[in-house]
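Undergrad: one predicted model, sequence on top.
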Amino acid sequence: MKKSMFYGTVKNSLLVMQLPRMIRAFVATFEEETNIRVTIEKEYADKSDGQIGYYFAVVVKAGVKESGYTREEVDGIFCKFSLTKFAGTAKEYVKSKTKCSTVELNKLIDDSRDILARYWGVTVPDPDKNWKENKKNK
């Protein structure tokens, strides 16, 4: 099965594709009258290793230390609160962190820090972009 991904933007309610000649060249590789499927979805920035690292090494760790729950239990509490979709319906589910965008993961981190402060009295430090360098200097 031939499959490719192309990118574009929406301008004035119209789809403006990047590299249109490349798209035409790809389409030309199909036989005439071939049925194809086109999917359009919003592109999200990928979450960073730094976000995941901060979430588990600082935020979840603080929850484990304060609550006595396991890492998995604390992570589950935070995810249930922040990543639940279609709450209260038959379609309710908790979205996986692996499917989260950068924005959604930031919301999970912010919500988790709020839970720690509000319910467990724990203040979590802000992320430190220079943590590796600071760790070396200690």
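TA: Yep, that arrived.

Undergrad: what's the longest helix in this structure?
TA: Criterion DSSP state H: the longest helix present in the chain is helix 102-120.

Undergrad: pull the distance from that helix to the chain's centre.
TA: Counting by C-alpha atoms, centre = their mean, to the nearest Å, helix 102-120 is centred 14 Å from the centre of its parent chain.

Undergrad: what ranges do the strands span in the chain?
TA: 8-11, 14-17, 84-85, 93-94 (DSSP state E).

Undergrad: buried ones in the second one, by neighbour count?
TA: If I follow you right, that is strand 14-17. Within strand 14-17, no residue counts as buried by 16 or more other C-beta atoms under 10 Å. Where you see a C-beta, it was placed from the backbone N, CA and C, and this is true even at glycine.

Undergrad: residues making contact with stretch 6-20?
TA: When contacts are defined by C-beta atoms under 8 Å, 6 or more residues apart in numbering, stretch 6-20 is touched by residues 22-23, 26, 40, 43.

Undergrad: farthest-separated two in those?
TA: Among the contacts of stretch 6-20, the pair separated by the greatest distance (C-beta to C-beta) is F26 and E43, at 18.6 Å.

Undergrad: and these two? Which one has more around it.
TA: It is F26, of F26 and E43, that has more neighbours when counted by other C-beta atoms under 10 Å, with 14 against 10.

Undergrad: burial measure for P125, as a count.
TA: P125 has 10 nearby residues by other C-beta under 10 Å.
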